[in-house]
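S.K.: attaching a predicted model along with its sequence, questions to come.
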Amino acid sequence: MTDAALDMEGVPERVAALFTGAQRDALIALRRDLHQHPELAFAETRSCAALERALAMANPVSVQRVAGTGLVARIRGRDPNAPVVAVRGDIDALPIHEATGLPYASQTAGVMHACGHDVHASWAIGAAYLLSNRPAAGDVLVVLQPAEEIGEGAAAVLQSGALDGVAAIFGAHVDRRFPVGQVVVQAGPMAAAADSFRITLTGRGAHGARPHESADPVLGAGLLIVALQGIVSRRVNPSIPAVLTVSTMQAGSAPNVIPETATIGGTLRAVDPATRALLADEMRRVAHGIAAAHDLIADVHIELGPPPIVNPANQSAWAHEAAVSLLGADGIVPLGITNMAGEDFAYYMERIPGAFLRIGAREPGGVVTAAHTPRFFAANGSLFVGAALLAETARVASAALTTLSTEDQ
Ligand code: NI
């Protein structure tokens, strides 16, 4: 099989036929280029320039630089007064050393597109091409967002004001649990709140041989790590998903010295606001309780990350209609599990109604590899399915919003 055929593997003919030959070639070349030259959050200068060049083929009305290394391109609709819809692709990579062995593997040691954002950026450009081939009712903003992996890019794009007045926004993530040609388009939870915590226990240092003269923060930290496991198992309703992971611990530097402090840190995940608040409240209570029992002082710092993504009914129904028209009913599969990963698209959805979708990215015969690992790879075909679905969702949403706004008058 030729390289070009491999690139379209699993893409339904109806979807492949939407692109001109030149657009297909440009998108495949773009994806390979981005993959080969990954850049970390807010350092996506080369990627940004490549994306700006690729946008030219979509004849945008305007291209605005946002959030340092991001872009917002406006693709003209049929009616300049119709509501504006946005589609978003994130563009940043991860600090992971690639081990895929791909011919276009990362050329930057220790940096890799291990979450498929090279495909997300490319399908946003692909959506721009399709919307210039066949415009939506209103203008569509194509958002190329930096710094998703550190959870700061979406907020920075919103801060720029470029999305003010947008009536609906749609985004998606590759998912290798599903083959190319299948998508997840449903109402309900799609990503979890991702908060992080740091707890410092302060006691009294002492000689390691005279523990009775200390207030030992290392013992306190050990007990605290165990006690924290009781929150999810004994405070959260078992039918509601929640995660509390302790992933870092720092204390001491010499075998014969009991240190003054010990610090632990980790992440909290929940898909509803009540559970999110409960995890934080219980964490504080348990930390102060364990500290008091061992003559220590606990300093609990919880840093709020993105809120959960919960797709609302209307916007999900528009995406669903688009997916059925492109892929047929068989192309739509349930998410199946609750996704406890965070996604900073949630910040857009706090301000703008929208929906977040998942796009099958496993090539035929491929195995399931997890995102954020050195062998992760999203099949090229997912690029075309994602582009087509985002463009068609924008058209359906734009038409529905136009009807709604006419009825209002
Ligand atoms: Ni990602």
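M.R.: Happy to help now that I have it. Everything numeric in this text was worked out from a predicted model, so none of it was measured.
S.K.: per the record, what domains does this protein have?
M.R.: In terms of domains, the chain is parsed into 3-191+308-408, 193-303 (source: automatic domain parsing).
S.K.: so which of the ones you listed is the most packed in?
M.R.: domain 3-191+308-408 (a mean of 21; mean count of other CB atoms under 10 Å). Glycine gets a C-beta too; all of them are placed from N, C-alpha and C.
S.K.: assign F197 to helix, strand or coil.
M.R.: strand (DSSP: H, G, I helix; E, B strand; the rest coil).
S.K.: and the closest residue to it other than its chain neighbours, how far from R198?
M.R.: Leaving aside its sequence neighbours, F197 sits nearest to I302 (CB to CB, 6 or more residues apart in numbering; 4.8 Å). For I302, the distance to R198 equals 8 Å [CB to CB, to the nearest Å].
S.K.: and S253, by the same measure?
M.R.: Where R198 is concerned, S253 sits at a distance of 19 Å (CB to CB).
S.K.: same deal with L401?
M.R.: Taking CB to CB, one finds L401 at 43 Å from R198.
S.K.: and if you look at G116?
M.R.: In terms of CB to CB, G116 sits 30 Å off from R198.
S.K.: and for L326?
M.R.: 45 Å.
S.K.: same deal with A147?
M.R.: A147 is 21 Å from R198, by CB to CB.
S.K.: low-confidence ranges in this protein?
M.R.: Applying pLDDT under 70 to the chain flags the ranges 1-5, 408-409.
S.K.: longest helix in it, please.
M.R.: helix 381-408 (DSSP state H).
S.K.: and that helix, what does it pack against?
M.R.: helix 13-16, helix 21-36, strand 85-90, helix 117-133, strand 168-179, helix 313-327, strand 354-362 (3 or more CB pairs under 8 Å, 6 or more residues apart in numbering; DSSP states H and E).
S.K.: got the angle for it vs helix 21-36?
M.R.: 110 degrees (axes from the mean of the first three to the mean of the last three CA atoms, to 10 degrees).
S.K.: which residues touch A287?
M.R.: Contacts for A287 (CB atoms under 8 Å, 6 or more residues apart in numbering) come out as 199, 201, 224, 228, 298, 300.
S.K.: in TSV: these, plus secondary structure.
M.R.: Shown next, in TSV, are the contacts of A287 (three-state DSSP):
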residue	secondary structure
I199	strand
L201	strand
L224	helix
L228	helix
A298	strand
V300	strand
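S.K.: distance of the nearest residue to G203 once chain neighbours are set aside from P364?
M.R.: Spatially, and ignoring its direct neighbours in sequence, G203 is nearest to A215 (3.4 Å; CB to CB, 6+ apart). Here the criterion is CB to CB. By it, A215 lies 61 Å from P364.
S.K.: list the residues that contact the residue nearest in space to the middle of the chain.
M.R.: By CA atoms, centre = their mean, the mean C-alpha position of the chain lies nearest to E343, the distance being 3.4 Å. By CB under 8 Å, 6+ apart, the residues touching E343 are 148, 173, 190-191, 306, 309, 356.
S.K.: hang on, it in a strand?
M.R.: No. In this structure, E343 is coil, not part of a strand, as judged by three-state DSSP.
S.K.: how about it, phi and psi?
M.R.: phi -150, psi 130 (degrees, to the nearest 10).
S.K.: strand partners (parallel or antiparallel) of the helix or strand A73 falls within?
M.R.: In this structure, A73 sits in strand 70-75 according to DSSP states H and E. Sheet pairing of strand 70-75 (DSSP bridges) gives strand 62-66 (antiparallel), strand 140-145 (antiparallel).
S.K.: alpha carbons only: can I get the last one in PDB?
M.R.: C-alpha atoms of strand 140-145 as PDB (Å, rounded to 0.1, in the frame of the first residue of the first chain):
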ATOM      1  CA  VAL A 140     -16.700  30.600  11.700                       C
ATOM      2  CA  LEU A 141     -13.700  31.400  13.800                       C
ATOM      3  CA  VAL A 142     -11.000  28.700  13.700                       C
ATOM      4  CA  VAL A 143      -9.100  28.800  16.900                       C
ATOM      5  CA  LEU A 144      -5.500  27.400  17.000                       C
ATOM      6  CA  GLN A 145      -4.800  27.400  20.700                       C
END
